[in-house]
Every structure is written in C-alpha cells, then in structure tokens.
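**Student:** Make a model of this:
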Amino acid sequence: MLDRMSLLFRFQTIAEAGSVRRAAEVLNVTQPALSRSLSQLEKAYGQPLLERHARGVRPTAFGHNLLATVSRLARDWEIAEAELAGNNPGAEGRLRIHAGPLWSSVVLPSIIPKLHAIYANLTVEMMPSTGAALQALLDGRVDVSFGGLYAPERNYPQLRARAFSTIRDRVTARADHPIQQCDPSDYAAVHRYPWIIYSADPVYEAETIHAVMERTGALPQVRVRSGSLLAIFRLLQDGDYLCILPDAAVEGIPGRPLRPVPIELGRRNSDTGALYRLTLEHYPPMQTLLELCSAYFAGAKPS
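**Tutor:** Numbering: from 1, shown residues only. As a prediction, the model looks like this:
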C-alpha cells in the first residue's frame, strides 16, 4: 500500500509540474526513475495517465479522476498523522474552508480568532464558496464548506452535514428608518424608498423582484446591486435603502443597528451550517471549529 501511495504522489507531482523533468527536480530523483514510476501506475490501471502536448504533459481524463482521489488521500493522510500525534494545541495544522457570503463576512471573522486562541499555529485558508465547492470537498481540496445546506449535498455517504441555524430572509433597514413605523399591511410603503439587491447570490434578486411584485403589483426601485455584505450594511446604515437579507447577517454588526421591517416580504427559510468530510470528524481543530460555530448561533460564549 505504501509503495502504491508513493507512486501516486509521484504522479501527482508530475501532473502539477507539467513535465517529468520539472517533477524530477522537485522530487530530487532521476527522470528515468520517475518515468518507471509512471509506467508502473499505468500498467496497474491498464490505461495512460498522461498525454503529451507542446509544453510538456497533462493528465488524461482518467488521470484527472485519479488526481482527485490522490488529493483526497493526501489530505486524509495528513489529518490521520495529526490525530496520531495527539491533541496538541501547539502543533501546526491546516484547515481549508469554503464560506458563503454570510459566513465569510459575519460569522467566521468572529469565530477564527477564538480558534487561534486554542490552536495558535493553525493555518486557516478561507476561500469564497462557489458552485464547485461540493466537488472540492469530495476531492479533498477543501475540508469544510459553510453556507446553505441542501438535500442533494446531504446524500453523499462520505460527507457529514451539521446545521447550526435556520436562516430567514427578511426586508431589512436601519433601526430608525421611517418604514419601521409602518403598519405591517402597508405594502405600498416599500415603493417610497430605494432598494439594494444583494447580488452575491442570484436567488436574492429573484426573491426581491417576485416578492415586491406579488404584494404590490409593481417593481421595486432598485438603485444598487452589490455582492459585498459589508458595503450593503454601510449603505443601509447611512441611507434610506431597503434590502432583503438573511436575518442572521445583521445581528451584532458594528455601527447603527439594522432590523427587519414590520412588512413581511421575504419568504425563504433555509438551514445554514457546515458540510465536511467524515475523515475530518475527529480532527481536533475541526471539532473545535464546529463547537465554536454552534456556540455562535446559540448566543453562548464557548468555554
């Protein structure tokens, strides 16, 4: 098994380097030795793993699939070694995180300093969540993805989903906005003020347009589209804008408080939480991170 893993890691290095020569330099082995390693793998799998092109080599379709498996195995091996070393807060480690806008702008910036207070040498790599987040999890390129949890993602046996809260979309404005004094049935009031559309998630544009049209028969006055939650918070605090946002996004933000308005338009409710590989379930930094997330949404301070 160890021999096969060694060959797989050599193949991964060749693919990443784009040539056998450069990979040999990285690994400090001879090119003939590296070529023999590649031949052994191709013989074992019964098909080529690399194809030549003008500037070197690139993976075949099967090679791409194999690389995804190697990436996951390499990360799982790294985690297993960390677990065998014991729960040593001083040990170095790494967590690779995909995070949706609510998590990257609001939740995780509050949590990661607490995580580093326990694991000072932990490196956290935080990236914006994309449509490829699920595949990145399965391939081992990402350890945990924070955001909305949907049924199809929960059907993978190698993944574990943990919900921390149910997010409800609400029309939001500053706490002292004139609309806060309106009657809940005064739907026409939403046309007295300019709207912001949160464009990081296409769902919010559709929800804003459809919700206002359904209740009032007219389109909202959209004056700003922004994918930045922080920019939207500032606009809402300093202007008379309205915006449909997840309710958890505006809790505890600095500056003038933002509040849901009395007029109900947003209807979408969704679970939000973590999706991660089962192989990381007992990795101490991951366990601590999930506990901190749970405490954040429970409104309690973790011990």
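**Student:** Torsion angles phi and psi at residue 53?
**Tutor:** Main-chain dihedrals, residue 53, degrees, to the nearest 10: phi -140, psi -180.
**Student:** Show me what it is bridged to.
**Tutor:** Beta-bridge partners for residue 53, by DSSP bridges, are residue 56.
**Student:** Look up how far residue 41 lies from it.
**Tutor:** For residue 53, the distance to residue 41 equals 20 Å [Cβ to Cβ, to the nearest Å]. For every residue, glycine as well, the C-beta is placed using N, CA and C.
**Student:** where exactly do the strands run in the protein?
**Tutor:** For the chain, the strands defined by DSSP state E cover 50-53, 56-59, 93-99, 122-128, 144-148, 159-174, 195-198, 222-226, 243-246, 258-260, 269-277.
**Student:** most tightly surrounded among those strands?
**Tutor:** Of all these, strand 243-246 has the most neighbours on average by mean count of other Cβ atoms under 10 Å, namely a mean of 26.
**Student:** so what's the nearest residue to residue 71 once chain neighbours are set aside up against?
**Tutor:** Distances taken as Cβ to Cβ, 6 or more residues apart in numbering put residue 140 closest to residue 71, at 4.5 Å, once the chain neighbours are dropped. For residue 140, the contacting residues are 68, 71, 72, 73, 74, 75, 76, 277, by Cβ atoms under 8 Å, 6 or more residues apart in numbering.
**Student:** and if you look at residue 268?
**Tutor:** Taking Cβ under 8 Å, 6+ apart, one finds 168, 169, 203, 207 in contact with residue 268.
**Student:** So of those residues, which two are at opposite extremes in space?
**Tutor:** Within those, two members stand farthest from each other by Cβ to Cβ: 168 and 203, at 13.6 Å.
**Student:** Tell me which residue lies farthest from the centre of the chain.
**Tutor:** Distance from the centre of the chain peaks at residue 32, with 41.3 Å (Cα atoms, centre = their mean).
**Student:** Which stretches in the protein count as helices?
**Tutor:** Applying DSSP state H to the chain gives helices spanning 2-17, 20-27, 31-45, 61-84, 101-102, 108-118, 133-139, 202-216, 229-238, 284-298.
**Student:** quick one, which of those is packed in tightest?
**Tutor:** Sorting the helices of the chain by mean neighbours (by mean count of other Cβ under 10 Å), the first place falls to helix 101-102, with a mean of 22.
**Student:** if we look at that one, which residues are touching it?
**Tutor:** Contact with helix 101-102 is made by 128, 147, 167, 198, 200, 201, 227, 229, 246, 248, 249, 272, as judged by Cβ under 8 Å, 6+ apart.
**Student:** now stretch 189-207
**Tutor:** So stretch 189-207 is contacted by 100-101, 169, 171, 173, 177, 179, 182, 208, 212, 215-216, 218, 220-229, 232, 235-236, 239-245, 263, 265-268 (Cβ under 8 Å, 6+ apart).
**Student:** if you average pLDDT over it, what comes out?
**Tutor:** Mean per-residue pLDDT for stretch 189-207: 91.
**Student:** Could you tell me the end-to-end distance of that stretch?
**Tutor:** End-to-end distance for stretch 189-207: 18 Å, by Cα to Cα, to the nearest Å.
**Student:** swap in stretch 276-295?
**Tutor:** Terminal residues of stretch 276-295 are spaced 18 Å apart (Cα to Cα).
**Student:** Stretch 23-34 now?
**Tutor:** 8 Å.
**Student:** And for stretch 227-244?
**Tutor:** 13 Å.
**Student:** residues making contact with it?
**Tutor:** 101-102, 105-106, 169-174, 177-179, 190, 193-200, 204, 207-208, 211, 220, 223-224, 226, 245, 249-250, 253, 255-256, 258, 261, 265-266.
**Student:** How far away from the center of its chain is it?
**Tutor:** 23 Å (Cα atoms, centre = their mean, to the nearest Å).
**Student:** doesn't residue 59 make contact with residue 48?
**Tutor:** No - checked against Cβ atoms under 8 Å, the pair residue 48 and residue 59 is beyond contact range at 9.5 Å.
**Student:** Return the mean pLDDT over stretch 81-93, rounded to an integer.
**Tutor:** Across stretch 81-93, the average pLDDT comes to 67.
**Student:** what's the span of it from first residue to last?
**Tutor:** From the first residue to the last, stretch 81-93 extends over 10 Å; the measure is Cα to Cα.
**Student:** Offset the numbering so it begins at 34, please.
**Tutor:** I'll keep to 34 as the first residue from here, and by that count the last item is stretch 114-126.
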